[in-house]
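In: make a model of this:
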Amino acid sequence: MAEGARIAEAAGAEIIDINMGCPARHVTGGQSGSALMRDLDHALRLIEATISAVKAPVTLKMRLGWDDRSLNAPALARRAEAAGVEMPIVAAVVQVLDGRLAPEQALEQLMRREARPESFAAGPQTDPA
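Out: Below you'll find the model as predicted:
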């Protein structure tokens, strides 16, 4: 991650966005993308390595959690911000949905509990008008 961020910055990237939301099986099978939501300590090590490698601002995109029983985006967002992430952005989806909560319900629960609802900027639109 650090080397990729250095290469991107050297090529002119003005911001580095870490994507911990990718659901693709070939990505999550390698413990990358949204699979990182299952191990926040490992995710934080990657975030810290990226931040320390570049001068550009680093942002973080993630899902609400791996599944609707582990809605850990707020914990990851807080830890990422403490490490230096400029803006964590949470998509209102989970990787594995077992039917207990719709993503919109999970998002509503998290927004009621969290002090920074602006981080929950991405997600499904329930009212397209």
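In: secondary structure element for residue 74?
Out: helix 73-83 (DSSP states H and E).
In: what average pLDDT does that helix get?
Out: For helix 73-83, the mean pLDDT works out to 91.
In: number the residues from 18 up from this point.
Out: All right, first residue 18 from here; so that's helix 90-100.
In: for the protein, which segments count as strands?
Out: 33-37, 75-84, 104-113 (DSSP state E).
In: closest to residue 56 out of those?
Out: strand 75-84 (9.5 Å; Cβ to Cβ). C-beta coordinates here come from the backbone N, C-alpha and C atoms, glycine included.
In: what distance separates the closest one from the centre of its chain?
Out: Taking Cα atoms, centre = their mean, to the nearest Å, the mean C-alpha location of strand 75-84 is offset from the chain mean by 2 Å.
In: parallel or antiparallel, which strands does that strand pair with?
Out: Sheet pairing of strand 75-84 (DSSP bridges) gives strand 33-37 (parallel), strand 104-113 (parallel).
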